[in-house]
Structures are given as C-alpha cells and as structure tokens.
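1. The following comprises the amino acid sequence and a computationally predicted model.
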Amino acid sequence: MCGIVGYIGKRDVAPLLLEGLQRLEYRGYDSAGIAIHGKSGGLKTAKAKGRVRELEGRLPKRFAGTTGIAHTRWATHGAPNDINAHPHTDAEGTVAVVHNGIIDNAAELRAKLTADGVEFASETDSEVLAHLIGRSQAETLEEKVRQALRLIDGTYGIAVLHASFPDRIVVARNGSPVVLGIGEHEMFVSSDVAALVSHTRQVVTLDDGEMATLKADDYRTYTTEGSRTAASPTTVEWEAESYDMGGHDTYMHKEISEQADAVDRVLRGRIDDRFSTVHLGGLNLDAREARGVRRVKILGCGSAYHAGQIGAQLIEELARIPADAEPASEFRYRNAVVDPDTLYIATSQSGETYDTLAAVQELKRKGARVLGVVNVVGSAIARETDGGVYVHAGPEVCVVSTKCFTNTAVAFALLALHLGRIRDLSVADGKRIIAGLRKLPEQIAEIMRGEEEIKKLAAQYADAKSMMFVGRVRGYPVAREASLKLKEVSYVHAEAYPASELKHGPLALIEPAVPTVAIVPDDDLLEKNRATLEEIKARSGRILAVAHQEQEKADHTLVVPKNEVELDPILMGIPLQLLAYHSALALGRDIDKPRNLAKSVTVE
C-alpha cells in the first residue's frame, strides 16, 4: 500500500526521492515524508499531509545531502496528518525509519517504552521501530535493526537511516516488498520497481526474513539472524516509459486501451500449432503429474479472484477437472482440507498481495503443489510457488485493474488448454480454442472503436444511485468484475448476482431507479438469459445488455464480437471497463486514485 524510496550515492538526494515518490503515487497514499543525512551532519526530515507536491513545497531551501529515504503513507494506525506521516524518528532524532506493513504487537511495545520514559510523537505503530532502534546499545546499525526486529510481530518493509552511520542505509523485509536497485557507484531501494527503472534495471528483490545494507559502492544481503545470503541482480523487463501516461488523460484509460497489445504479448511464443496446444515452460508440471491432478483450487483477491472464477470455468470445460475459485483472504483462515491430488493456483497482479501470499505459504507448509499466475516477474508469489505463468500485461499503474485482469483470464485459458490437451481435449477442439485466442487482440480493438457509444451510455446511467449486474454461468464472473469496477472507480453502489438467483430475493430491488446490466452471451443459455430480461422489464427495470446481438427487451445493448463460447467472457468485460471509466469521468472522480483504495494490498 505505502511506498518506500531510498538512495545513497553522489547525487543530490531530495530531487531523486521526490521523483521516486511520484512514481509510486498510483499505489494510493494520504501523506508523504523524507529524511536525509545533512551535509553538515545529523538527520533532516520534512513531512506533509496530502500529495507529494505538498511535501516538495515544504522542503527547506537548504535540504541537501546524498543519502536519504522517503515514504508515501496510507493510514492504518492514526489519522492522515503531518505528525503521523513517515519517516519516524527516535526521541533524539538520530534514527529515521520508513515502514510499510503493520506491527501487530505495537500496543504492547508502546506501553513498555512509555513506562521506560519514552514520549511518542505520533499515533502510529511504525514509530515503535524508531525508538527500539534508537535505544539499542549494539555497535552496528545492522545489529541495532536486527535487535528491534526480534521484538516485532507483524509485517514490514523498512528502510533505516542513523546519524552515526552516514555511509549506509539498512533495509529489511517480512511480508512487504523491498527491492534494491543496483547502479554505478550508487544504490537505490524501493517497495516497487516503478521508482527504480528510470535509473537502473538491475534489481535484487529481498525475501521474507532478509535484510540488506546499502552503501554507495556495494550492497550485501543477509538474514535477520545474520547469515549471509547470495542475492544476484536480475534485469527488469519493463522500460521507464512503460510507466508514463502516453498521451492519455488517465492511466486507467491508457491501460484499457493497451489491452489488445497486452493480450498479444501473453499469447506470443506460447501457441503450439503442431499439437494444437500451448507451451507453458514455467509450470514445472510434467504430463504425468498433470494427469494426476484431481481438482483445481484457484485463490486470489478482488479482480484476481474474479479472473480466477473465469479460469475455474475454463479448466472445467476444457480439461474436465473439477475446479473452483475462492478469495484467498477467506481460504487462509478457514483451516481448509489440503488434498495431495489438488493443484492450487495463486493469482495476483502485483505478486505481493499479502492474503494470497499467506495462503501460498500455508499451502506450502502443508505439502501442497502451488502454481502462480502473476504479472510481476520475481515477485514474492512468483518466488514462493512451484511454478506458474506470467501474464505479461506490463506495468499497471491505475489502482483499479483492467488489462491485468484481462491478461490473467487469457493466461487461465492457456493453462486450461494445456491441461485439456494433456487429458481428453481433442485436436479439433484445441485448434478451435487456438483460433479463438488468436482473434482476441483484433476483437478487443474492435470493442475499443466503439468507445464513443459507451461514453454516451455512461452519461445516461451515471446518475443511478445503485446498479444491478447479472449473468449466468460464464457471465456471472463478468458481472462480478464489472460491478467491482463501477464501485471502485465511480463510487456508485453496485451488486452482482447470478441471473438465476434474481427471483430468490434480489428481484425486490428492481425498479426504474435501479438499472440492471445483463450479460447475455449467444450460447446455450441465451433463452434463459432472455427470460431474465423479461422478468426485469416486467418490474419496470431499465436494462443495459452486453450481448452478441441486439436484445429486444433491453433499453440499450452493447454488442461485442463473438468468439468461442469458452472465451466470450474475456471480451464481454471490456466494454464494462469503459462504462465504469466514463461513469467515473462524468461524476468527476479521481479515476487513477479512488478514495480509500491502494494498488497493492500488502497488509491484511
């Protein structure tokens, strides 16, 4: 959620840190701050509620140095204000700490420190760390940090400065991302590669329980117990330009518009025409093992969970393996039965979603085979799983997910085809699905050419106080994701139900003031879906249908191109992304940074 940036080298640090914070603004935040080693000695800090530009305006004229850390905060403990903003310092101002995560035993530690005479300046859990480090009698900064972390229960990604150690930054990770950037006679640290790629593409991603010391000319990594670790840099595949807005007014619009190219990327090099299947080399699952899978369980949160629902249906239809999807945030707490014949799949855009990562770790502890379907190469889930599929959507900056959701659904189609062809899916059906996959990029581009019509419809529906989204079987996950998009970005209340469940309660809500968006694919349930439209129209409900042909009972129909029935859900969600976008635009919302939300949810 929050963002960390740090630098040590020879350049003036404040502009670099502010630039890095601006690169992380998409993650969502309510305050920002910076701490540096001053040229004349000692630490200097500046903090401000609001945007990074407010912080920049508050920096003193003489705020120069070559080593520093900075932070954007998304409030968990304590209100968004200047005092609660990071960095936090100890009482003497000799230690500065930025922290992502939550310290579970902060109240207990705070009480002990207060009893020892420590006076806290903020309401945050993070300030505890600064005081613990500051009070340590250890001789090295590394040991001071290590001693403090031994007392901490919870999650953290931290970066620490100390006035007595101006030649280094010490960082540590447990459940919250920390990435080192390796430069020429300079080093960077961040919670996200977005803040690094304009300066270096050589990165080291810390594992949980790992620390690092950064100096201008080198770095070393080690465990929180002090043992050295061997961390070699990898090259980030995304360029700095990938994070620019590219002539669009918002990142959300840019990312919706990029979906044709993004889908082409996830398909590229993976289709095997000879055997009517696909190559997924990263699965680490041979044919004999694949044939032994008796059930598939997909875990994710938010849009990733909805993509997993589409994936479960694809796996059942193409591979004929029982499959279902469940929120990872629920699965990790319900003491689920872990079956040795079940293949578990964790999906996450960032690869750092804490609830999903915790579910993976629990599954691995119990001996399960777990695959990952993620976007970010080298992310925590990618490293923790036994294998998986990268979705290659490219950087997604807007808080709400669009192109990554679509690419994840396509990645599941590839996985389903792969499993199906190993099992009982015929060559003819394999060729049919491959042909459908190849049509997707141009069909997405065709949908985008109809954006003006969708914009006009959004203006007509944006005044609704509540909306209903309905779909059957393949259409239900589409309805759920579309409902979530509208809620996230426009703040219009929306609910999604299986169309077959309307008469079991939700039909009571239907009235002219509550429009219904109905997913009506041209499949074997077409007449059933048309009957649902009749039910809604009989109650004077307004209907916007998403269908392959005009629907007589609908007030408006968004016609989408027809693909194979198994792949149709991938296309039917895209016009509804545009509907949510233009509804939010009509309502004047902050589209890229919806209230109360953050891009990467790395705490519970």
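-> Looks like it came in fine.
2. least trustworthy helix or strand in this structure by mean pLDDT?
-> When each helix and strand of the chain is scored by mean pLDDT, DSSP states H and E, strand 234-235 comes last, with a mean of 88.
3. Following the chain onward from that strand, which element is next?
-> Using DSSP states H and E, the next helix or strand after strand 234-235 towards the C-terminus is helix 251-257.
4. residues in contact with that next one?
-> 26, 245-246, 248, 396-398, 400, 402-403, 448, 489, 574, 577-578, 581, 591-592 (Cβ atoms under 8 Å, 6 or more residues apart in numbering). C-beta coordinates here come from the backbone N, C-alpha and C atoms, glycine included.
5. Among those, name the buried ones.
-> For the contacts of helix 251-257, a burial check counting by 16 or more other Cβ atoms under 10 Å picks out 26, 396-398, 400, 402-403, 448, 489, 574, 577-578, 581, 591-592.
6. from those residues, which two are the most distant?
-> 26 and 448 (22.2 Å; Cβ to Cβ).
7. for stretch 549-562, how far is the first residue from the last?
-> Distance across stretch 549-562, first residue to last, is 9 Å (Cα to Cα, to the nearest Å).
8. Over to stretch 329-343?
-> By Cα to Cα, one end of stretch 329-343 lies 18 Å from the other end.
9. Can you list the neighbours in contact with it?
-> 285, 292-297, 299, 301, 355, 358-359, 362-363, 366-369, 371, 604.
10. among those residues, which are in strands?
-> The strands, defined by DSSP state E, take in 295, 296, 297, 299, 369, 371 from the contacts of stretch 329-343.
11. gap between the third one and residue 143?
-> Using Cβ to Cβ, to the nearest Å, residue 297 is found at 43 Å from residue 143.
12. now do the fourth one
-> Here the criterion is Cβ to Cβ. By it, residue 299 lies 38 Å from residue 143.
13. Next: the fifth one.
-> In this structure, residue 369 and residue 143 are separated by 39 Å, where distance is defined by Cβ to Cβ.
14. tell me the strands in the stretch 201-350 of the chain, going along the chain?
-> Taking DSSP state E, counting those that start in this stretch as the test, the strands found in the stretch 201-350 of the chain are 202-205, 210-214, 219-223, 228-229, 234-235, 271-272, 277-278, 295-300, 323-327, 342-348.
15. nearest to residue 16, of the ones you listed?
-> With Cβ to Cβ as the criterion, residue 16 lies closest to strand 210-214 of the strands of the stretch 201-350 of the chain, at 13.8 Å.
16. The closest one - which strands sit beside it in the sheet, and in what orientation?
-> With DSSP bridges as the test, strand 210-214 is paired with strand 169-174 (antiparallel), strand 219-223 (antiparallel).
17. Only alpha carbons, please: show the helix or strand following the first one as PDB.
-> Put plainly, it is strand 169-174. Downstream of strand 169-174, the next assigned helix or strand under DSSP H and E is strand 179-182. Provided in PDB are the C-alpha atoms of strand 179-182 (Å, rounded to 0.1, in the frame of the first residue of the first chain):
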ATOM      1  CA  VAL A 179      13.600  -4.100  -4.000                       C
ATOM      2  CA  LEU A 180      17.200  -2.900  -4.300                       C
ATOM      3  CA  GLY A 181      18.300  -1.000  -7.400                       C
ATOM      4  CA  ILE A 182      22.000  -1.500  -8.400                       C
END
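18. Which among the strands of the stretch 201-350 of the chain is found nearest to residue 439?
-> strand 271-272 (12.5 Å).
19. For residue 413, see how far away residue 358 is.
-> Look at residue 358 and residue 413: by Cβ to Cβ, they are 27 Å apart.
20. Looking at these two now, which is surrounded by more residues?
-> residue 413 (27 against 18; other Cβ atoms under 10 Å).
21. Not counting its neighbours along the chain, what's nearest that one?
-> Of all residues not flanking residue 413 in the chain, residue 314 sits nearest, at 5.3 Å (Cβ to Cβ, 6 or more residues apart in numbering).
22. again, but for residue 42
-> residue 163 (5.3 Å).
23. Any figure for the gap between the one you found and residue 133?
-> To residue 133, residue 163 is 12 Å away according to Cβ to Cβ.
24. Now the common contact residues for those two.
-> Jointly contacting residue 163 and residue 133 under the rule Cβ under 8 Å, 6+ apart are residue 95.
25. Could you check which of those two has the larger neighbour count?
-> The neighbour count for residue 163 versus residue 133, taken as other Cβ under 10 Å, is higher for residue 133 (25 against 17).
26. tell me the contacts of the residue nearest to residue 413?
-> Contacts of residue 314 by Cβ under 8 Å, 6+ apart are 412, 413, 415, 416, 566.
27. In helices, which of those appear?
-> 412, 413, 415, 416 (DSSP state H).
28. Surely residue 215 is in contact with residue 8?
-> Yes: here residue 215 lies in contact with residue 8, judged by Cβ atoms under 8 Å, at a distance of 6.5 Å.
29. so where's this protein uncertain?
-> Along the chain, segments meeting pLDDT under 70 span 1, 26-28, 240, 598-600, 602-604.
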